[in-house]
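Chemist: give me a model of this one.
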Amino acid sequence: PNQIFLDGIDITRLRLADLRGAIAYVPQESFLFSTTIKNNIRYGEPDATELKVIAAASQAQIHNEIRNFPQQYETLVGERGITLSGGQRQRTALARALLVEAPILVLDDALASVDNQTASQILRALREQRRTRTVLFISHQLSAAATCDRILVMDKGRIVQQGTHNELVATEGLYQFLWEQYQLESSLA
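Modeler: Below you'll find the predicted structure:
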């Protein structure tokens, strides 16, 4: 019960370098380097072609905004990405993770600064890759989480419910309570 398997293999049996190479991680507070947007996206794969960079940026829903920047992909990002909004920083970091094409993508509240509609578009794009990539989406955004194949509900560090959105909404418990609260807040906004 306290084991994690990757393609049927206990991860404790994998070499650490292999395990790390299989996972791309995007935290809530992403670090960007004081260089161009293109180089920030290519950080994990410095020799990536322009087409791969654009494809990753498009999937992360940041490409159109980059095209509107004065120097587009050659635009310099200030120290820690200060010249970008929080959502732009998160989507640039997501593009970086998508570029390396790791089979596991961990989004640790990585869409918190992104509006719900954009988060849903990103998750839809990621769903198209579900045969080649597993996405662990850690979030407090219920509207985005509702689009996931399987939801694990945690309370005080423990998994208390699991299932699809429809199953969890139909079952009395924490998820149903949180969803009803979210729906009420949305209707009042």
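Chemist: switch to C-alpha atoms for all contacts and neighbour counts from now on
Modeler: Will do.
Chemist: the residue nearest the centre of the chain and Ser139, how far apart?
Modeler: Residue closest to the average C-alpha location in the chain (Cα atoms, centre = their mean): Leu107, at 3.6 Å. From Leu107 over to Ser139 the distance is 8 Å, taken as Cα to Cα, to the nearest Å.
Chemist: now do Arg158
Modeler: Distance of Arg158 to Ser139, computed by Cα to Cα: 15 Å.
Chemist: quick check: pLDDT value at Glu74.
Modeler: At Glu74, the model reports a pLDDT of 93.
Chemist: which residue packs closest to it, ignoring adjacent ones?
Modeler: Among residues not flanking Glu74 along the chain, Thr36 sits closest, at 5.1 Å (Cα to Cα, 6 or more residues apart in numbering).
Chemist: identify the residues contacting that neighbour.
Modeler: Tyr73, Glu74, Thr75, Leu76, Val77 (Cα atoms under 8 Å, 6 or more residues apart in numbering).
Chemist: look up phi and psi at the second one.
Modeler: In other words, Glu74. phi -90, psi 0 (degrees, to the nearest 10).
Chemist: which of the residues in stretch 150-166 are buried?
Modeler: Of the residues in stretch 150-166, those with enough neighbours to count as buried (16 or more other Cα atoms under 10 Å) are Ile151, Leu152, Val153, Thr164, His165.
Chemist: contacts for it?
Modeler: Residues from elsewhere that reach stretch 150-166 (Cα under 8 Å, 6+ apart): Ala145, Ala146, Thr147, Cys148, Asp149, Leu168, Gly173, Leu174, Tyr175.
Chemist: which residues touch the second one?
Modeler: Contact criterion Cα under 8 Å, 6+ apart gives Thr164, His165 as the residues in contact with Ala146.
Chemist: now the strands for the chain?
Modeler: Applying DSSP state E to the chain gives strands spanning 5-6, 9-10, 23-26, 104-108, 134-138, 151-155, 158-163.
Chemist: now those strands in JSON lines, with mean pLDDT and distance to Leu84?
Modeler: As requested, the strands of the chain are exported to JSON lines (pLDDT from 0 to 100; distance: least, Cα to Cα, whole Å):
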{"stretch": "strand 5-6", "mean pLDDT": "80", "distance to Leu84": "36"}
{"stretch": "strand 9-10", "mean pLDDT": "86", "distance to Leu84": "40"}
{"stretch": "strand 23-26", "mean pLDDT": "90", "distance to Leu84": "17"}
{"stretch": "strand 104-108", "mean pLDDT": "88", "distance to Leu84": "20"}
{"stretch": "strand 134-138", "mean pLDDT": "85", "distance to Leu84": "23"}
{"stretch": "strand 151-155", "mean pLDDT": "91", "distance to Leu84": "31"}
{"stretch": "strand 158-163", "mean pLDDT": "92", "distance to Leu84": "35"}
